[in-house]
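*Asks:* the amino acid sequence is not available; the structure is as follows:
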């Protein structure tokens, strides 16, 4: 394994950890977006451009967007 | 269980599980040394048999096209389920959310955001279409391009015109497109049957490798999946969005 | 033209078509008719396929990607009598469920019908496929459709909670399946079951091989609701709309067990040590059957009671399968059919109660349903059939399992199976006696927690007698179960299915080389004895009588019995906490135990 | 060093499951499931990786180039879609439950137990 791969693997591991330990959902959705980005970076390094592209559109855009919207809704509901 | 009691079996179970899983994974061929037969079998046959150059697309839409049919319908089921679950509860007001300026956190979209949205919309739209159409040539394809297409419409939301967006996604056009995309895949697969071939046989003219019209049904299937995925994500995210808008309107005195 | 792909693609296409009928104003009947016609068509296709498969297993390569030099590059449906039979069963149950929902089912737009058809398609694909990853795809399609159906009634928190637990546990199970697929792919280089089996055969069982099997087994056993992985089932089945519950308990759970059996026999049967595997699966099966049986007796929410009875029966099926024997497998297949039909009938019976009284709480309904005579009688018959009363399908199936177990030297198994059958059937009969005949009064161990009694939104107005069209599927399912038990042809088909199922060499030769080997010779058939079954049924009646009539659970003895049982009962209840975090903890523990056993033994 | 990918796979899986087991918020739980799910993508791609291999697209590439396994990539693609759809459904459950009960905590008053 070359150092680049090692580095990105470690980054993915660390950001995955960060997603779980971030308990506030709003912050977590941002961290999850970052995690999705590092994953797609890793997929590029692993020579999987197709997968990287999907992870980018799903993991870094669509999934955090849905989480954000849910957070927005449930927060607004708290005010009741 | 109390929360301390809960941790103990979890940690114990995890340690055992992790230990054995690691042992098993270490017994696999080491990282970077894979010598399976499946990949090479496809890489060596896709050019002579199908004039295709993108192995992942060939697998998704040709060799293992039936998986993709199932996958497309998973998304279809999720949209049906999502819309079913995010329907308005009886307790909630029965009429539609109305766009009220200043509703969204009280901020009008800044001109920069508006400009960005207007600028990004056509760009992302074109990119999405490109990614769908070139799915059998370059990385990407119906799925990735479809999500990009859906994203393009969300720049409309960013630039403040979400009333239009909701109106559009509530109309029947998008859900019809979604159904058509899903059904289209099934129908393209059927084309081979009258010729006495098996379901999903790739029987269209194969064309020259590297051309836009090549690899038989691959581009067509890419388009159907792109249609389905784009409309599916549009519907899903619009359903979530509508939830947010309903409650915000209720909060207003 | 082969019919092989049609069960799946017909249902998928019709699902898409129905979704597009959205804006039709008077669409309700059209949706009903179209979805019924689809289920009927699928059932006919399955019937044809079953018929054809008896002459020889059908292999269908999608896209004409036949194996290249013996290596399968495409996806195959491998249709033998077992898979075609299960597909047929799922189509019949769907038909019954849709018939039931014809009347006054509160269908929201087109979603209910679309999701039911997608669910049907996934059941078909899952049963028929011979490819591991394709199995995973249909597993997930089944999951997504099922989660949405479970959470159908968003006006109550129970369905949402149950659907959430269901979805999370099954997604975790899906994770395990996928990890197992990745391991197996790394080891064998293929995704076709036959290929993986051929690549593994003759190799020593290493840690990686056994881990791959355990990961796959854990994933599918979660679907099959086996002990430490079963917690989601009562939460989900008890809150899902009745037609969905029919399919969940009747066939979905059993398909999880079917997947484990299929993967074991085709892929791992030459590599793993059968004796040790037998002991492990038997242990898990018996434990599941016992816990499910006891928990069923402790419920007063009728659907939840039935759900626990499904857990118990799933454990019995696992035990039957775990004998790893042709005849036991024949019994298990018969039992799956017999039980699925009876359980479907029971759920439809509770659906009728919901229709009339908007409640499935045993205590609340006590004595209030005396006017529902037909339903009451049919419900009791189904309860008796659940205990294995001859000549229902449950009797032949369980009888064969028991006799095989005795022959193989597992003397402890038949009494245990009888006990669990008596417990579950006793609980059902107790409920029926109270609800339809006003016998006894509230039982001493009833919980107060799960019965919310909010079952309002499933159907519309409910005055007058029970609509015929609700009783028709109830009766038909019971008749079908009788047919499974009485027709010798069914027994022969099950024998042929079991013989084909365990013949790994023939399966491989057919799929990889296309050379059919001679079919297994039919084994001599004998009806299982009826005495034991009548004793079991009598025991079920005794269990019901213990709860309903005067006896140790009533009167003076009652307090001491209660004190004696309070500890274990409370423990069992607390373990089923309804909290997803606990479920995941148990899941991890169960997986750890299985992994450890497998690695030390195999 | 070649164990590292597998270590990360196990780490993501267990961290994700730990998050689910201890979560006090359903939205948090869904993100944890997302993390656990990504361990499978990683395992699939690691299994099919070939050192020095290129992406499996034969356009303008010397004929004898080594390529990484394309099959696992196709499987991962499917898996990503599945993960996203399940997340969407879970979020919908969480959202509606919050409307009814006003809480996102899965431990608060589970309506059914025992």
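*Replies:* Ah, there it is. Because the structure is predicted, anything quoted here is derived from the model rather than measured. Numbers count the residues shown, from 1 in each chain, chains lettered A, B, ... in the order given.

*Asks:* ok, and the closest non-adjacent residue to the closest residue to chain C within the stretch 51-200 of chain B?
*Replies:* Distance from chain C to each residue of the stretch 51-200 of chain B (C-beta to the nearest C-beta) is smallest for residue B:81, at 2.7 Å. For glycine as for every other residue, the C-beta is placed from the backbone atoms N, C-alpha and C. Excluding the flanking residues, the one nearest residue B:81 by C-beta to C-beta, 6 or more residues apart in numbering or on different chains is residue C:148, at 2.7 Å.

*Asks:* need the phi and psi values for that neighbour.
*Replies:* phi -60, psi -40 (degrees, to the nearest 10).

*Asks:* just list the residues touching it, thanks.
*Replies:* B:77, B:78, B:80, B:81, B:82, B:84, B:85, C:111, C:115, C:163, D:89 (C-beta atoms under 8 Å, 6 or more residues apart in numbering or on different chains).

*Asks:* what about those residues, which are in strands?
*Replies:* Nothing among these maps onto strands, per DSSP state E.

*Asks:* how about the longest helix along chain A, does it reach chain D?
*Replies:* What stands out as the longest helix in chain A, according to DSSP state H, is helix A:25-45. Yes: shown here: helix A:25-45 in contact with chain D (C-beta under 8 Å from any C-beta of the partner chain) through A:25, A:28, A:29, A:32, A:35, A:39, A:42, A:43.

*Asks:* summarise which helices and strands that helix is packed against.
*Replies:* On a contact count with 3 or more C-beta pairs under 8 Å, 6 or more residues apart in numbering or on different chains; DSSP states H and E, helix A:25-45 meets helix A:3-21, helix A:49-55, helix A:63-78, helix D:26-47.

*Asks:* I'd say residue D:89 and residue C:145 touch.
*Replies:* No: counting by C-beta atoms under 8 Å, residue D:89 stays clear of residue C:145, with 10.2 Å between them.

*Asks:* any common contacting residues for these two?
*Replies:* Listed as contacting both residue D:89 and residue C:145 by C-beta under 8 Å, 6+ apart are residue B:81.

*Asks:* okay, residue D:66: pLDDT?
*Replies:* The per-residue pLDDT reported for residue D:66 equals 82.

*Asks:* show me where the stretch 251-400 of chain C has its strands.
*Replies:* With DSSP state E, counting those that start in this stretch as the criterion, the stretch 251-400 of chain C has no strands.

*Asks:* next, the buried residues of the longest helix of chain A.
*Replies:* For helix A:25-45, burial by neighbour count (16 or more other C-beta atoms under 10 Å in any protein chain shown) applies to A:25, A:28-29, A:31-45.

*Asks:* how far does it sit from its chain's centre?
*Replies:* 2 Å (C-alpha atoms, centre = their mean, to the nearest Å).

*Asks:* tell me what angle that helix forms with helix D:26-47.
*Replies:* Calculated by axes from the mean of the first three to the mean of the last three C-alpha atoms, to 10 degrees, helix A:25-45 forms an angle of 10 degrees with helix D:26-47.

*Asks:* against residue B:52, how distant is residue B:144?
*Replies:* 18 Å (C-beta to C-beta, to the nearest Å).

*Asks:* quick one, what contacts residue C:189?
*Replies:* Counted by C-beta under 8 Å, 6+ apart, residue C:189 has contacts B:35, B:36, B:37, B:38, C:199.

*Asks:* list the contacts for the nearest residue to residue C:289 once chain neighbours are set aside?
*Replies:* Distances taken as C-beta to C-beta, 6+ apart put residue C:315 closest to residue C:289, at 3.3 Å, once the chain neighbours are dropped. Residue C:315 makes contact with C:226, C:227, C:284, C:285, C:286, C:287, C:288, C:289, C:290, C:291, C:292, C:420, according to C-beta under 8 Å, 6+ apart.

*Asks:* how about the residues you listed in a markdown table, adding distance to residue C:539, neighbour count and pLDDT?
*Replies:* As requested, the contacts of residue C:315 are exported to a markdown table (distance: C-beta to C-beta, whole Å; neighbours: other C-beta atoms under 10 Å in any protein chain shown; pLDDT from 0 to 100):
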| residue | distance to residue C:539 | neighbour count | pLDDT |
| --- | --- | --- | --- |
| C:226 | 24 | 30 | 93 |
| C:227 | 23 | 23 | 86 |
| C:284 | 24 | 24 | 95 |
| C:285 | 20 | 28 | 95 |
| C:286 | 17 | 22 | 96 |
| C:287 | 20 | 16 | 95 |
| C:288 | 20 | 28 | 96 |
| C:289 | 15 | 29 | 96 |
| C:290 | 15 | 17 | 95 |
| C:291 | 19 | 21 | 94 |
| C:292 | 17 | 28 | 95 |
| C:420 | 11 | 27 | 95 |
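
*Asks:* after the worst-scoring helix or strand of chain B on mean pLDDT comes which helix or strand?
*Replies:* Ranking every helix and strand in chain B by mean pLDDT, DSSP states H and E puts helix B:162-170 at the bottom, with a mean of 64. Per DSSP states H and E, the first helix or strand lying C-terminal to helix B:162-170 is helix B:172-190.

*Asks:* and the contacts of residue C:189, which are buried?
*Replies:* The neighbour-count test (16+ other C-beta under 10 Å) marks B:36, B:37, B:38, C:199 as buried among these.

*Asks:* what's near enough to touch the last one?
*Replies:* So the one you mean is residue C:199. Here residue C:199 is in contact with C:187, C:188, C:189, C:190 (C-beta under 8 Å, 6+ apart).

*Asks:* what about 7 Å?
*Replies:* Going by C-beta atoms under 7 Å, 6 or more residues apart in numbering or on different chains, residue C:199 touches C:188, C:189, C:190.

*Asks:* what of the third one?
*Replies:* The neighbours of residue B:38, taking C-beta under 7 Å, 6+ apart as the test, are C:189, C:190, D:71.

*Asks:* go again using 8 Å as the cut-off
*Replies:* Listed by C-beta under 8 Å, 6+ apart, the contact set of residue B:38 reads C:71, C:73, C:185, C:189, C:190, C:191, D:69, D:71.

*Asks:* list the buried residues for the helix-or-strand element of chain D with minimal mean pLDDT?
*Replies:* Least confident helix or strand, chain D: helix D:70-101 with a mean of 91, by mean pLDDT, DSSP H and E. Residues of helix D:70-101 classed as buried: D:70-100 (neighbour count, 16+ other C-beta under 10 Å).

*Asks:* quick one: name the residues of chain A near chain D.
*Replies:* Contacts of chain A with chain D, taken as C-beta under 8 Å from any C-beta, map to A:1, A:6, A:9-10, A:12-13, A:16-17, A:19-20, A:23, A:25, A:28-29, A:32, A:35, A:39, A:42-43, A:46-51, A:54-55, A:58-59, A:62-63, A:66-67, A:70-71, A:73-74, A:77-78, A:80.

*Asks:* in space, what's closest to the residue positioned nearest the centre of chain D - neighbours in sequence excluded?
*Replies:* Centroid check for chain D by C-alpha atoms, centre = their mean gives residue D:37 as the closest residue, at 1.9 Å. Nearest non-adjacent residue to residue D:37, counting by C-beta to C-beta, 6+ apart: residue D:83, 4.3 Å away.

*Asks:* sounds good, over and out.
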